[in-house]
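J.: Quick one: sequence and predicted model below, then my questions.
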Protein chains: 2
Amino acid sequence: MNKADQIIQEIGERPTAVRTAVLGVLLNAGSALAHPEVLERLKNLGEFDRVTVYRVLEWLVIHGLAHKVAGTGRACRFQATHPDTTHRHAHFQCRECGKICCLTEIEPKLTNLPEHFTVESIELNIKGVCDDCGRHIPR
Amino acid sequence: MNKADQIIQEIGERPTAVRTAVLGVLLNAGSALAHPEVLERLKNLGEFDRVTVYRVLEWLVIHGLAHKVAGTGRACRFQATHPDTTHRHAHFQCRECGKICCLTEIEPKLTNLPEHFTVESIELNIKGVCDDCGRHIPR
DNA sequence: TCAGATTTTGCAACATAGTTGCATAAACTA
DNA sequence: TAGTTTATGCAACTATGTTGCAAAATCTGA
Ligand SMILES: [Mn+2]
Ligand SMILES: [Mn+2]
Ligand SMILES: [Zn+2]
Ligand SMILES: [Zn+2]
């Protein structure tokens, strides 16, 4: 049995073909993927409907198996959640290659927040140039 | 001469009817507005084309007269930049009423960032329940 | 194992948010 | 005010999702 299947069964949900395939794609990706990228990579594994893939991605988020990151542009990106990392962390998106990666080391500190506001979630997105893209530009 | 006109002339750009009107709407708004909300409020001031309004909103951002905030949902929201606030600050969006406001007091601290990444911008979006919506819910 | 109940999928249509090309209109400059 | 530059309006197009619904897959209890 493959890893994706196993993860889905562990949480007591139905490991269908699409769920297993989509989670597998996310697990193999090094960074967060947008819907078209997921679809593209699924082509190697069979025929999958785009609407179903949208639904499965949301399903993965609801069940905590993936998280959703808003990058540049209008499309959300999805990344498999590693069991050992907390969900609350910052993300970095490279202006050059567009890749998004988790910055699990950074804990956004919230001081000075008006006390009458109830905080439910925090999103910290940092944009710039990543290591790979930066090393080719002379400094 | 109205405020919006004056601001546009101060930066040496053409104060056209649409620019003046759109900036005026943003200046009068208490929070960040999405494109349809801007269009709606413009109806009191005349007939404006939606594409032109999109272009003017981007123009305002480029010229530093407004800033763009990504809230819940896919639409960006725009808010007039107050001359006395720095552009780098956090935003709070209420889950109940959807309003977005600037949290100019909060400075996102970036420690632990991998040193080979070049940071160009930081976006800190906090979601929860605002004062107005929270006070009606018994605690 | 299998009938019935529940959930998931695929397809078509719809929705929302924004962009592009281009001809016309407005604003600026000399 | 003539010529040049810039902004606008309109139509068509793109990107990113969402919804309704019938068919297929999956599960459950007898
Ligand atoms: Mn992450
Ligand atoms: Mn702000
Ligand atoms: Zn890069
Ligand atoms: Zn509120």
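T.: On my side now, so go ahead. Numbers count the residues shown, from 1 in each chain, chains lettered A, B, ... in the order given. Ligands and ions are numbered 1, 2, ... in the order given.
J.: For the closest residue to ligand 4 within chain A, grab the count of nearby residues.
T.: Residue nearest to ligand 4 within chain A (Cβ to the ion): A:F117, separated by 9.2 Å. (Glycine included, C-beta is placed from N, CA and C.) A:F117: 18 surrounding residues under other Cβ atoms under 10 Å in any protein chain shown.
J.: how near is it to A:D132?
T.: According to Cβ to Cβ, to the nearest Å, A:F117 and A:D132 sit 39 Å apart.
J.: ok, A:K68 to B:T16 distance?
T.: Between A:K68 and B:T16 the computed distance is 39 Å (Cβ to Cβ).
J.: Which residue ranges of chain A form helices?
T.: Using DSSP state H, the helices found in chain A span residues A:3-10, A:17-28, A:35-42, A:50-62, A:131-134.
J.: most packed of these?
T.: Stretch with highest mean neighbour count among the helices of chain A: helix A:17-28 (a mean of 20; mean count of other Cβ atoms under 10 Å in any protein chain shown).
J.: tell me what the biggest strand by length in chain A is packed against?
T.: In chain A, with assignment by DSSP state E, the single longest strand is strand A:118-129. If contacts are counted by 3 or more Cβ pairs under 8 Å, 6 or more residues apart in numbering or on different chains; DSSP states H and E, strand A:118-129 sits against strand A:66-70, strand A:90-94, strand B:118-129.
J.: Can you spell out the domain ranges of chain A, please?
T.: A:3-80, A:89-136 (automatic domain parsing).
J.: quick one: pLDDT of A:D84?
T.: On the pLDDT scale, A:D84 is placed at 71.
J.: and what of A:D132?
T.: For A:D132, pLDDT reads 86.
J.: Leaving out sequence neighbours, find the closest residue to it.
T.: Among residues not flanking A:D132 along the chain, A:C97 sits closest, at 6.8 Å (Cβ to Cβ, 6 or more residues apart in numbering or on different chains).
J.: State the distance from A:A34 to A:N125.
T.: Distance from A:A34 to A:N125, counting by Cβ to Cβ: 15 Å.
J.: wait, I meant A:C94
T.: Look at A:C94 and A:N125: by Cβ to Cβ, they are 12 Å apart.
J.: Looking at those two now, which is surrounded by more residues?
T.: A:C94 (23 against 20).
J.: Enumerate the beta-bridge partners assigned to the more buried one.
T.: Beta-bridge pairing of A:C94 under DSSP bridges involves A:G128.
J.: The helices and strands packed on strand A:118-129: which one's closest to DNA strand C?
T.: Taking Cβ to the nearest atom of the strand, strand A:66-70 is the member of the helices and strands packed on strand A:118-129 nearest to DNA strand C, at 11.9 Å.
J.: Those residues of chain A touching DNA strand C, which are they?
T.: Counting by Cβ under 7 Å from any atom of the strand, chain A comes close to DNA strand C at A:13-14, A:16-19, A:47-49, A:51-52, A:55-56, A:59, A:74.
J.: if we can go back for a sec, residues contacting the residue of chain A closest to ligand 4?
T.: By Cβ atoms under 8 Å, 6 or more residues apart in numbering or on different chains, the residues touching A:F117 are B:F92, B:I126, B:G128, B:V129, B:C130, B:D131, B:G134.
J.: Could you measure from the nearest residue to A:V22 once chain neighbours are set aside over to A:F48?
T.: In this structure, A:V22 finds its nearest non-sequential neighbour in A:V56, 4.7 Å apart by Cβ to Cβ, 6+ apart. Separation of A:V56 from A:F48 (Cβ to Cβ): 9 Å.
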